[in-house]
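Colleague: Compute the structure for the input listed below.
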Amino acid sequence: MEQTVRLAIDGMHCANCAANIEKHYRNTPGVTDVAVNLANNTGRVTFDAEQATVDDMLRVFDDLSFTAEIIPDDAPLVDEERRAKEAARARHDRSVFIAATALTVLIVAIGMIPGWHMAVGEWLAAFFANGEPTHVQAMFAGNLALLALTIPVQFGCGARFYRGAWGSLRSGSANMDVLVALGTSIAFLFSLWITFLPVMTGEWTDAEVALSINDGMPYFETCAMLITFVLLGKMLEARAKGATNQAIEALMNLTPPTAHVLREGMEMEVPLAQVMAGDMVLVRPGEKMPVDGTVMEGATEADESMLTGEALPVTKGPGDTVTCGTQNTTGAIIVRAQRVGADSTLARIVRAVEEAQGSKAPVQRIADRIASIFVPAILLIAAATFCAWFFFVPPQGDDASLARALMPAIAVICVACPCALGLATPTALMVGMGKGAQLGVLIKDGEVLERLSGLQAAVFDKTGTLTEGHPVVVKSDVPAEALRLAAALEEKSEHPLARAVVTYAQRAAVVADGDQVVEVERFEALPGQGVRGAVEGHEVFVGASTAEDDAAQGSQIFIDGLRAGSLVFRDEPRPDAARVIRQLRDDHAVSSFMVTGDAAAPAHEVAQEVGISPDRVFAGIKPLEKAAIVEKLRGGAEEPVITAFIGDGINDAPALAAADVGVAMAAGTDVALDAGSVVLMRDRLGDLITALRLSQATLRKIKQNLFWALVYNCIMIPLAAVGILAPALAGAAMALSSVSVVGNSLLLKRFKANEE
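Modeller: Numbering: from 1, shown residues only. Next up, the predicted model:
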């Protein structure tokens, strides 16, 4: 039996970190699948419970430099505790950055502003020595001042890079921390050698010898600027990554922390976690619904825009259902709780989006393969750069070739950025899928998103998908009085046609006499025939009949044995069905099909109205046969065709599972959340176009991110190798590359729903 655990992981810095964790899990017995998300520092591991335990999943981190904890199934990925930890970490990082910046400004001022270095050196040398200091002594004292200022930056503010590098190397891999620690350490040690060269040579008076390398000036400002720029980049990256979670946090914040529960005749305000199914909950105007439930008393209007996208509030009264997180606007109501906490619709939506954000699109495999060899390749390039400069570039003075060779090699090490590669896919998925949730479109997996973006064929169920899903009266020759009596009889029946008769009569009664309560006696439902009973002393029978149009259903009404007229019913196409079919065909080159269990006549009539060709209509099809048709369409004539099945998510389960992409209409939200890999929460067919466009936009962002991450390294590494890019600028470029990738992903927040 397979079991899945979610992990909150601390200590990841780049794509190599995520890849290293995944590698160790794949080498763990019993693990069948693993996905680590660098963008939100989480992981998801699936394992065989007969071969391994949850403790085994945590023991993997014993050999790694990271820490992890289990996220309970009923807890969100981004809970209050994790938010507090991240906020504390952000404050610490900001303090470290401020300290590094202050020290770096002093180091750069002393080391690079003409005259400052010698002025500081002469003052220190004169303070600690007797007499007028020599030029070399003043230079040495100035270098010592730079050294004293650099040590806190290098080993204090930059300690995180050494810890990360050591942990990475100890676990058998190399990450971004290795590059930063190595590059800055080389520059620091070389600067240390330059600083103490007069001591080692004893040349305190011979400036020509003592100052032969870089005029005696060390590269401490390079070390400090590198670390400061990388710290800045990591801080901006963390802030940008946090912005990718805003959609999830906005959904989570819709749930109120407490609820007003009525127990033993008293109203008690209790934490939401203590509300039980069956409790009576009082919801006042202006409050959010704390549970999914049924209105028992009172009437109000509910703002359900968070779930449906509809701006207008929906009237709610006894018997109506309300959803957790929606807003009560006008009246106080008492709700019987049905689903609470993790079982609520809102919690399940959040969980579905979180799981989707943690998945991987197949295109990510490119970045994973590159990341696995990235750091070793960069170290080889840096070594080759050093050798080329040292052996083939003519020296300019004694030992000058060493300095000329080290700086480009350090720049190569510090400009290379595996972080951007690791963030390219997950940040785009997080923003895109979060935006989808806000628009009422749940895409449950990164692989599904990639498939949907290349959709070639769409197979639609008819009833409830292309049509409204309930019959309405489209033709009647029944007199008003007979219709009133028939409606009174049909009020006792739960049959869909009975509901249509009552609705039609109610609409007619608004124009005629209005609603009246009518007594019905001896009501009897006759299976397959109709209903009969006594209404106001009249014997009324409403029975099925064959309509003039074979595409429609009909009922005949008899009053006291005499035919009073007939009604014709029809399941009308959705208002946006024809537009969706047209947009699929004209804008996205997607072929549309209909597969339905209905008879051929009504199926072809609806197909004609919405724009589906007659040769693409399959009528009289059973549920399992629907799946077979989908499989056949997927096979294609010559090559596979990416196919989606769009159904109501209940009796279309086989076809939804057989398709490349199963799209469930959320007419019944509770069931639809568990059916299909894409859920249209607003129950609008037009949102299929939104889902398609969103998947294409997200995949474009992923490809853009990967392209720019690769191009960045392809351009910056050669520039660093030939000496055009100084090490300090290389560090700044590396830091900003990750920020640019995350920023590009955040542009998906501008995506708008399909409207026409």
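
Colleague: which element is the residue nearest the centre of the chain on?
Modeller: Most central in the chain under CA atoms, centre = their mean is residue 430, positioned 2.6 Å from the mean C-alpha point. Residue 430 belongs to helix 418-438 when assigned by DSSP states H and E.

Colleague: go on, residue 132?
Modeller: When the helices and strands are read off by DSSP H and E, none of them contains residue 132.

Colleague: wait, doesn't it sit right on residue 138?
Modeller: No - assessed by CB atoms under 8 Å, residue 132 is found out of contact with residue 138, at 9.5 Å. Where C-beta positions appear, they are placed from N, C-alpha and C, glycine not excepted.

Colleague: With adjacent residues omitted, what lies nearest to residue 628?
Modeller: Among residues not flanking residue 628 along the chain, residue 658 sits closest, at 7.9 Å (CB to CB, 6 or more residues apart in numbering).

Colleague: swap that for residue 118, please
Modeller: Once flanking residues are discounted, residue 118 sits nearest to residue 138: 5.7 Å by CB to CB, 6+ apart.

Colleague: which SSE is residue 262 in?
Modeller: Here residue 262 sits within strand 258-263, counting by DSSP H and E.

Colleague: which residues touch that strand?
Modeller: For strand 258-263, contacts defined as CB atoms under 8 Å, 6 or more residues apart in numbering pick out 267-272, 274-275, 279-284, 290-291, 334.

Colleague: related to what we said a few turns ago, tell me the SS of the residue nearest to residue 118?
Modeller: Following DSSP: H, G, I helix; E, B strand; the rest coil, residue 138 is assigned to helix.

Colleague: and it, how many neighbours does it have?
Modeller: Number of residues near residue 138 (other CB atoms under 10 Å) recorded here: 22.

Colleague: check contacts around the nearest residue to residue 647 once chain neighbours are set aside.
Modeller: With sequence-adjacent residues excluded and distances taken as CB to CB, 6+ apart, residue 647 is closest to residue 461, at 4.0 Å. Applying CB under 8 Å, 6+ apart to residue 461 gives the contacts 594-596, 626, 645-648, 652, 655.

Colleague: Could you export these as JSON lines, including neighbour count and secondary structure?
Modeller: Listed next are the contacts of residue 461 as JSON lines, based on neighbours: other CB atoms under 10 Å; DSSP: H, G, I helix; E, B strand; the rest coil:
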{"residue": "594", "neighbour count": "26", "secondary structure": "strand"}
{"residue": "595", "neighbour count": "26", "secondary structure": "strand"}
{"residue": "596", "neighbour count": "23", "secondary structure": "coil"}
{"residue": "626", "neighbour count": "26", "secondary structure": "helix"}
{"residue": "645", "neighbour count": "31", "secondary structure": "strand"}
{"residue": "646", "neighbour count": "27", "secondary structure": "strand"}
{"residue": "647", "neighbour count": "29", "secondary structure": "strand"}
{"residue": "648", "neighbour count": "23", "secondary structure": "coil"}
{"residue": "652", "neighbour count": "30", "secondary structure": "coil"}
{"residue": "655", "neighbour count": "25", "secondary structure": "helix"}
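
Colleague: Return the closest of those with respect to residue 610.
Modeller: Closest approach between these and residue 610, by CB to CB: residue 594, at 8.4 Å.

Colleague: can you pull up the bridge partners for that closest one?
Modeller: Taking DSSP bridges as the rule, residue 594 bridges to residue 460, residue 617.

Colleague: wait, isn't it in contact with residue 615?
Modeller: No - using CB under 8 Å, residue 594 makes no contact with residue 615, being 10.9 Å away.

Colleague: By average pLDDT, which secondary structure element in this structure comes out worst?
Modeller: Sorting the helices and strands of the chain by mean pLDDT, DSSP states H and E puts helix 207-210 at the bottom, at a mean of 45.

Colleague: What's the first helix or strand after that helix?
Modeller: helix 220-243.

Colleague: Name the residues of that following helix that are buried.
Modeller: Across helix 220-243, burial judged by 16 or more other CB atoms under 10 Å covers 220-238, 240-243.

Colleague: Rounded mean pLDDT for it, please.
Modeller: In this model, helix 220-243 has an average pLDDT of 81.

Colleague: Packing partners of it?
Modeller: Contacts defined by 3 or more CB pairs under 8 Å, 6 or more residues apart in numbering; DSSP states H and E place helix 220-243 against helix 80-112, helix 135-151, helix 176-195, helix 400-415, helix 418-438, helix 727-746.

Colleague: how about a cut-off of 10 Å?
Modeller: helix 80-112, helix 135-151, helix 159-170, helix 176-195, helix 400-415, helix 418-438, helix 727-746 (3 or more CB pairs under 10 Å, 6 or more residues apart in numbering; DSSP states H and E).

Colleague: Direction-wise, compare that helix with helix 418-438 and give the angle.
Modeller: For helix 220-243 against helix 418-438, the angle by axes from the mean of the first three to the mean of the last three CA atoms, to 10 degrees is 20 degrees.

Colleague: starting at the chain centroid, how far to whichever helix or strand comes after helix 220-243?
Modeller: Using DSSP H and E, the helix or strand that follows helix 220-243 towards the C-terminus is helix 246-252. Distance of helix 246-252 from its chain centroid, counting by CA atoms, centre = their mean, to the nearest Å, is 10 Å.

Colleague: Output helix 246-252 in PDB with nothing but the alpha carbons.
Modeller: Backbone C-alpha positions of helix 246-252 (Å, rounded to 0.1, in the frame of the first residue of the first chain) are rendered in PDB as follows:
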ATOM      1  CA  GLN A 246      -0.100  35.000  -2.300                       C
ATOM      2  CA  ALA A 247      -3.000  33.300  -4.100                       C
ATOM      3  CA  ILE A 248      -2.900  30.400  -1.600                       C
ATOM      4  CA  GLU A 249      -2.600  32.700   1.400                       C
ATOM      5  CA  ALA A 250      -5.500  34.700   0.100                       C
ATOM      6  CA  LEU A 251      -7.700  31.600   0.000                       C
ATOM      7  CA  MET A 252      -6.500  30.500   3.400                       C
END
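
Colleague: For it, enumerate the helices and strands it packs against.
Modeller: In terms of contacts (3+ CB pairs under 10 Å, 6+ apart), helix 246-252 is packed against helix 80-112, helix 305-308, helix 345-357, helix 418-438.

Colleague: so of the ones you listed, which one's packed in deepest?
Modeller: helix 418-438 (a mean of 29; mean count of other CB atoms under 10 Å).

Colleague: Just after that one, pick out the following helix or strand.
Modeller: Of the helices and strands lying after helix 418-438 in sequence (DSSP H and E), the nearest is strand 441-443.

Colleague: Would you mind identifying the next helix or strand past that next one?
Modeller: Once strand 441-443 ends, the next helix or strand along the chain (criterion: DSSP H and E) is helix 446-453.

Colleague: helices or strands next to that next one in the packing?
Modeller: Partner elements for helix 446-453 (3+ CB pairs under 10 Å, 6+ apart): helix 345-357, helix 364-392, helix 418-438, strand 643-647, strand 661-665, strand 678-680, helix 687-721.

Colleague: in the stretch 301-450 of the chain, what spans have low per-residue confidence?
Modeller: Along the stretch 301-450 of the chain, the parts satisfying pLDDT under 70 run over 306-312, 357-359, 395-401.

Colleague: Would you tell me which of the helices and strands packed on helix 446-453 gets closest to residue 34?
Modeller: Of all those, helix 364-392 comes closest under CB to CB, at 11.9 Å.

Colleague: Can you give the distance from the closest one to the centre of its chain?
Modeller: For helix 364-392, the distance to the chain centre is 32 Å (CA atoms, centre = their mean).

Colleague: how about that helix: buried residues?
Modeller: Across helix 364-392, burial judged by 16+ other CB under 10 Å covers 364, 366-368, 370-372, 374-375, 378-379, 381-382, 385-386, 389.

Colleague: Check stretch 2-22 too.
Modeller: Using 16+ other CB under 10 Å as the test for burial, stretch 2-22 gives 3, 5-9, 11-22.

Colleague: mind listing which of those residues are in helices?
Modeller: Counting by DSSP state H, these place 15-22 in helices.

Colleague: By pLDDT, give me the weakest of those residues.
Modeller: pLDDT across those is lowest for residue 15, at 72.
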